[in-house]
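Undergrad: Kindly generate the corresponding structure for this input.
(one chain, ligands or ions: 1)
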Amino acid sequence: MIPDYSYYQKVLQKEEFPLAYVDLNLLDQNIKDILARAQEKKIRLASKSIRCRHILEYLLDYNQQFQGIMCFTAPEAVWLARAGFDDLLIAYPSYQKAHLEAVGQAVKKGKKIYLMVDRIEHLQRLQELGKNAKCTFLVCLDLDMSSRYPSIHFGVHRSSVNDLPSTETFVRYLKQCSHVSLKGVMGYEAQIAGLGDNMKGKWLMNRIIRFLKKRSIKEISQRRAEVVEYLYSQEYDLHFVNGGGTGSLETTREEAVVSEITVGSGFYSPCLFDEYSNFKHQPAAGFAIEIVRKPSNHIYTCLGGGYVASGMADINKVPQPYLPKGCKLDQNEMAGEVQTPIHYSGNTPLAIGDIILMRHSKAGELCERFNHLHLVRNGQITNKVFTYRGEGKCFL
Ligand SMILES: Cc1ncc(COP(=O)(O)O)c(C=O)c1O
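TA: You can find the predicted model right below:
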């Protein structure tokens, strides 16, 4: 059962605000549901959507189906490797010389850190640095998974390798690079995994998105299979074929060539992940802000709260009041840099010093605003753990 306001109020009342929390009971529920959704596929953890070492460890220890981490920068991967993690796939290209040299050192020591590549320039850089450092970089090919329809680019703009011919061209160059070894393929179908199709009040848009998703799923699975088969025919010993995200478990798992699916956001399940028709996870993470003034009868103003998420600037990137029920943001002020006025029409009496619980629009970005996550289980705070930020790490 999802706890109510009085539960969190009781648990958190002695703490300093604002604070961020993870409800471990709800996290466990999400973990179980995600494992069930993935069926037999391995799950790689998207660290950008978690940003807390303790939670990464908790997930990896929870079940062996969780295997490896999808990092977001090379310094992060090197830092995690030093902390004892392994099987680290850096999902976005790295080009900084010092960062790549650090990866090379870690790989030489036997760590499995995979760099993302999709351009000849990436390969040239790695070949040159690998030669100097006498190491062989492990790389993963990023296969573009967007779908192009007349006047619609359905997906994101990432890789320039987007079909078999462009893969063949890339591989021809790759074969000349003695210090680069292809060990994986990743294709992230953002238009399926990261795009809600059950948005409130958007009936027509939801129908269009569902139609496009259906079309795209078929097409991208063929593309991925074709490219992976080609790579096997070229005798590449792939450690993994990665695909998907929280929103696409049901479809990515159907692809026989995919060996693992990446999941991050589904664990905390922020607001944007309420908007999918194929699953519903529990609101496991949130933050509490304190009421510090009451400018009029039904308005309670809290300190802090303006933790707006990245991506297209839109109302759905703004954090939302969660508990108590009956809270709404002010249409003009929204969640403010230092203050957030809340319009309240609920039944629970509120006073200065009480808290309002909020949910972030995205998952890991919450952790960039707080040094700690308060871990809550069975009505108690069981631990207070560092976020990446709390450990002094700001990777992006
Ligand atoms: C390369 C890649 N894979 C997978 C994901 C899915 O992550 P999540 O489960 O947090 O949506 C993302 C998210 O942006 C991504 O960039």
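
Undergrad: And the lengthiest helix in the chain, what does it pack against?
TA: The helix spanning the most residues in the chain, taking DSSP state H as the definition, is helix 203-233. When contacts are defined as 3 or more Cβ pairs under 8 Å, 6 or more residues apart in numbering; DSSP states H and E, helix 203-233 packs onto strand 147-149, strand 152-154, helix 164-174, strand 180-187, helix 190-193, strand 240-243. C-beta: built from backbone N, CA, C; applies to glycine.

Undergrad: Just confirm yes or no for it near the ligand.
TA: No - if you take Cβ under 6 Å from any ligand atom as the test, helix 203-233 misses the ligand, and the best it gets is 13.5 Å.

Undergrad: could you give the angle of that helix to strand 180-187?
TA: 150 degrees (axes from the mean of the first three to the mean of the last three Cα atoms, to 10 degrees).

Undergrad: Pull out the buried residues from helix 203-233.
TA: For helix 203-233, burial by neighbour count (16 or more other Cβ atoms under 10 Å) applies to 206, 209, 212-213, 216-217, 220-221, 223-224, 227-228, 231.

Undergrad: go on, stretch 122-129?
TA: Neighbour-count burial for stretch 122-129 [16+ other Cβ under 10 Å]: H122, L123, R125, L126, Q127, L129.

Undergrad: In CSV, list those residues along with distance to L45, pLDDT and secondary structure.
TA: Listed next are the buried residues of stretch 122-129 as CSV, based on distance: Cβ to Cβ, whole Å; pLDDT from 0 to 100; DSSP: H, G, I helix; E, B strand; the rest coil:
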residue, distance to L45, pLDDT, secondary structure
H122, 24, 98, helix
L123, 27, 98, helix
R125, 27, 98, helix
L126, 25, 98, helix
Q127, 30, 98, helix
L129, 28, 98, helix
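
Undergrad: for these, which one is nearest D33?
TA: Nearest to D33 out of those is H122 (Cβ to Cβ; 36.5 Å).

Undergrad: ok so, going back, which one of the helices and strands packed on helix 203-233 lies closest to P321?
TA: helix 190-193 (27.0 Å).

Undergrad: Now do the contacts for the residue in the stretch 101-250 of the chain that the ligand sits nearest to.
TA: Per Cβ to the nearest ligand atom, G245 is where the stretch 101-250 of the chain lies closest to the ligand, at 2.7 Å. G245 makes contact with A46, Y188, E189, A190, A193, G194, I261, T262, V263, G264, S265, according to Cβ atoms under 8 Å, 6 or more residues apart in numbering.
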